[in-house]
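[1] got a sequence here, can you model it:
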Amino acid sequence: MISTFTLVIIVIAIALIFDFANGFNDAANSIATIVVTKTLTPLQALFMAGLANFIGYFSFGTAIAKMVGKGVVSPDFITLHLLLAALIGAAIWTIVTSLYGLPISCSHALIGGLVGSALVAGGLDAVVFSGIFSILLFIVVAPMLGMVGSMIFTVIIINLFKKSDPKKANKIFKYLQLVSALFYSMGHGTNDAQKTMGIIAIALVAGGIKQEFVIDNWIALACYSAIGIGTMLGGWQVIKTMGTKITKIRAMEGFCAESASALVLMGTAHFGIPVSTTHVISGAIMGVGTVEGAAAVQWVTARRIMWAWVLTIPLTGLCSAIAYYLVMPFMP
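    Numbers count the residues shown, from 1 in each chain. Take a look at the predicted model:
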């Protein structure tokens with residue numbers, strides 16, 4: 001039988017492993033376009049993204065962490081083994097899809113894991129359906145906002161620069177892309193790293209170590225570090241998919257996609273809605289390609305990505321439900 005304190009440590013460790021897997025898959029999106037356009041080298045992009053992530057955390061607060069910690073599963077039903085099973089289910093799906101280079105939503109993997117283990121633990125009463133509804137709604141709304149926003153940006157930019165020399169314009173957009181990538185990474189950090197922060201904070205409460213839900217600085221530092229290391233070591237296959245297999249990305253396209261995505265991510269962060277950064281940037285890249293002609297978008301790749309989106313919540317829910325039964329015999 002595992003002690004409660006040991007179980008808290010295990011939950012935190014697996015949460016950070018999930019964050020590392022998030023970096024393998026999801027956080028790579030924040031630097032995909034700027035690396036593919038060669039505006040920055042991979043190491044420069046990683047440094048910029050890491051810095052911007054921290055800026056996002058200190059600028060926009062912890063509304064999303066609170067939503068994940070309290071707005072998906074009713075606090076009355078949250079236990080350490082429920083959180084452990086949720087993390088196991090989410091980590092399995094994230095690692096499997098990363099091996100196939102599919103850019104999924106690690107956010108929705110985590111949500112699916114929480115819902116699956118909650119349903120097994122307490123039935124329908126354990127799930128906060130108002131929170132789930134807003135998350136499910138934005139599975140559709142977020143990529144559409146990214147797509148429409150990038151289409152508007154692209155149309156405006158094409159008209160403004162249609163008489164410009166292509167080489168000079170490309171040089172200008174490389175500088176502009178530094179700004180758009182910085183703001184997109186701020187939005188990414190505000191969204192993604194906070195979700196695991198919420199899990200760790202609620203685990204400390206469930207384990208009796210904390211009396212109330214608080215995001216300590218050490219939690220933020222640990223989560224951002226785990227995502228950054230995962231991106232550095234394993235995100236390149238996903239970067240290739242995002243940057244080359246949906247549509248051709250140059251500096252101008254990268255600027256339009258990142259600018260639209262940054263606005264969506266910052267807006268949803270303000271309202272505490274945990275959206276998928278993958279969905280937003282994927283929709284934005286498709287929007288850029290659509291403006292330049294539907295044939296510019298490789299719709300076979302787009303369909304594979306969309307199927308991964310659809311399957312993420314139910315399959316992670318199934319994995320976490322099975323994990324719940326497997327870990328129960330070892331619980332205090």
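[2] which residues of the stretch 51-200 of the chain fall in helices?
    Shown for the stretch 51-200 of the chain, the helices assigned by DSSP state H, counting those that start in this stretch span residues 63-70, 80-99, 106-122, 129-160, 166-206.
[3] how far out from the middle of the chain is the first one?
    So that's helix 63-70. Remark: helix 63-70 is offset 14 Å from the chain centroid, using C-alpha atoms, centre = their mean, to the nearest Å.
[4] quick one: it to helix 129-160, angle?
    150 degrees (axes from the mean of the first three to the mean of the last three C-alpha atoms, to 10 degrees).
[5] show me what helix 63-70 is packed up against.
    helix 106-122, helix 166-206, helix 251-270 (3 or more C-beta pairs under 8 Å, 6 or more residues apart in numbering; DSSP states H and E). From N, CA and C alone the C-beta is placed, and that goes for glycine too.
[6] elements contacting the first one?
    Contact partners of helix 106-122 among helices and strands, from 3+ C-beta pairs under 8 Å, 6+ apart: helix 4-25, helix 63-70, helix 80-99, helix 129-160, helix 166-206, helix 299-327.
[7] now render those as a markdown table, adding mean pLDDT, distance to Thr290 and mean neighbour count.
    What follows is the helices and strands packed on helix 106-122, written out as a markdown table (pLDDT from 0 to 100; distance: least, C-beta to C-beta, whole Å; neighbours: other C-beta atoms under 10 Å):
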| stretch | mean pLDDT | distance to Thr290 | mean neighbour count |
| --- | --- | --- | --- |
| helix 4-25 | 84 | 25 | 22 |
| helix 63-70 | 73 | 29 | 22 |
| helix 80-99 | 85 | 25 | 25 |
| helix 129-160 | 85 | 6 | 18 |
| helix 166-206 | 82 | 19 | 23 |
| helix 299-327 | 78 | 10 | 19 |
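[8] let's have the ones you listed in a markdown table, adding distance to His270.
    Below are the helices and strands packed on helix 106-122 laid out as a markdown table (distance: least, C-beta to C-beta, whole Å):
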| stretch | distance to His270 |
| --- | --- |
| helix 4-25 | 22 |
| helix 63-70 | 7 |
| helix 80-99 | 25 |
| helix 129-160 | 14 |
| helix 166-206 | 9 |
| helix 299-327 | 24 |
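[9] and the ones you listed: which comes nearest His279?
    helix 129-160 (4.3 Å; C-beta to C-beta).
[10] show me what that closest one packs onto, helices and strands only.
    Checked by 3+ C-beta pairs under 8 Å, 6+ apart, helix 129-160 has helix 106-122, helix 251-270, helix 277-291 packed alongside it.
[11] which one of those lies closest to Lys167?
    It is, among those and with distance given as C-beta to C-beta, helix 251-270, at 11.2 Å.
[12] list the buried ones in that closest one?
    251-266, 268-269 (16 or more other C-beta atoms under 10 Å).
[13] avg pLDDT for that helix?
    What helix 251-270 shows for mean pLDDT is 83.
[14] what's the angle from that helix to helix 277-291?
    Using the same axes, to 10 degrees: helix 251-270 against helix 277-291 is 140 degrees.
[15] how far off centre is helix 251-270?
    So, by C-alpha atoms, centre = their mean, the centroid of helix 251-270 is 14 Å from its chain's centroid.
[16] counting contacts, what elements does that helix pack onto?
    Helix 251-270 packs on helix 29-36, helix 42-60, helix 63-70, helix 129-160, helix 166-206, helix 277-291, going by 3+ C-beta pairs under 8 Å, 6+ apart.
[17] same list, those, but as TSV with distance to Ile2 please.
    Compiled in TSV, the helices and strands packed on helix 251-270 are given as follows (distance: least, C-beta to C-beta, whole Å):
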stretch	distance to Ile2
helix 29-36	36
helix 42-60	32
helix 63-70	23
helix 129-160	30
helix 166-206	14
helix 277-291	34
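[18] out of those, which comes closest to Ala323?
    helix 166-206 (14.5 Å).
[19] let's see the following helix or strand past the closest one as PDB, backbone CA atoms only.
    Counting by DSSP states H and E, the element after helix 166-206 in chain order, helix or strand, is helix 217-234. Coordinates of each C-alpha in helix 217-234 appear next as PDB, following Å, rounded to 0.1, in the frame of the first residue of the first chain:
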ATOM      1  CA  ASN A 217       6.100  29.700  -8.100                       C
ATOM      2  CA  TRP A 218       7.900  26.300  -7.900                       C
ATOM      3  CA  ILE A 219       5.000  24.700  -9.600                       C
ATOM      4  CA  ALA A 220       5.200  27.200 -12.500                       C
ATOM      5  CA  LEU A 221       8.900  26.700 -12.800                       C
ATOM      6  CA  ALA A 222       8.700  22.900 -12.800                       C
ATOM      7  CA  CYS A 223       6.000  22.900 -15.500                       C
ATOM      8  CA  TYR A 224       7.600  25.400 -17.800                       C
ATOM      9  CA  SER A 225      11.000  23.500 -17.500                       C
ATOM     10  CA  ALA A 226       9.400  20.200 -18.300                       C
ATOM     11  CA  ILE A 227       7.600  21.600 -21.400                       C
ATOM     12  CA  GLY A 228      10.800  23.300 -22.600                       C
ATOM     13  CA  ILE A 229      12.900  20.100 -22.300                       C
ATOM     14  CA  GLY A 230      10.300  18.100 -24.100                       C
ATOM     15  CA  THR A 231      10.200  20.600 -27.000                       C
ATOM     16  CA  MET A 232      14.000  20.600 -27.200                       C
ATOM     17  CA  LEU A 233      14.400  16.800 -27.300                       C
ATOM     18  CA  GLY A 234      11.400  15.600 -29.200                       C
END
